[in-house]
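Enquirer: model the following, please.
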Amino acid sequence: MDPLPLSGKMGMRGYLNSIAIGAVADLSSLMNTEIKKKLNIIPQNVTWGGQSGLVFDALQGDFMRPRINEYTEKIR
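Expert: Here you go, the predicted structure:
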């Protein structure tokens, strides 16, 4: 039996809502448990969001940087 019903009365949305209400409430937990098991191709040592802190630190200078001046120059 498929543990992740994609069709029928409940459907994918209903299934995801049901587990979100339960123990798996955040995206990282969902991806590292139910989805990881369902895909069955992600190595055990790989975790969803495991590198997000490093990516944020590396790109934080670009987040929310005002771009209106650059945009104005390009459209002239």
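
Enquirer: the spatially most central residue of the chain: what's it in contact with?
Expert: Among the residues of the chain, the one closest to the centroid is Leu27, at 5.6 Å (Cα atoms, centre = their mean). Under the criterion of Cβ atoms under 8 Å, 6 or more residues apart in numbering, the contact partners of Leu27 comprise 48-49. Placement of C-beta: from N, CA and C, glycine included.

Enquirer: over to it: give its phi and psi.
Expert: Note on Leu27: backbone dihedrals following degrees, to the nearest 10 are phi -60, psi -40.

Enquirer: ditto for Ile42
Expert: Summarising the backbone geometry of Ile42 under the convention degrees, to the nearest 10, its torsions are phi -90, psi 120.

Enquirer: does it touch Lys36 like I think?
Expert: Yes - under the criterion of Cβ atoms under 8 Å, Ile42 makes contact with Lys36 at 5.0 Å.

Enquirer: the residue nearest to the centre of the chain and Val55: what is the separation?
Expert: From Leu27 across to Val55, the span is 15 Å (Cβ to Cβ, to the nearest Å).

Enquirer: can you get me a residue count around Arg65?
Expert: If you count neighbours by other Cβ atoms under 10 Å, Arg65 ends up with 8.

Enquirer: one more: the one 5 residues further on?
Expert: For Glu70, the neighbour count with other Cβ under 10 Å is 10.

Enquirer: host element of it?
Expert: Under the assignment given by DSSP states H and E, the secondary-structure element containing Glu70 is helix 68-75.

Enquirer: what about that helix, distance to the chain center?
Expert: Using Cα atoms, centre = their mean, to the nearest Å, the mean C-alpha position of helix 68-75 is found 32 Å from that of the whole chain.

Enquirer: please name every helix or strand in contact with it.
Expert: Using 3 or more Cβ pairs under 8 Å, 6 or more residues apart in numbering; DSSP states H and E as the contact definition, helix 68-75 packs against no other helix or strand.
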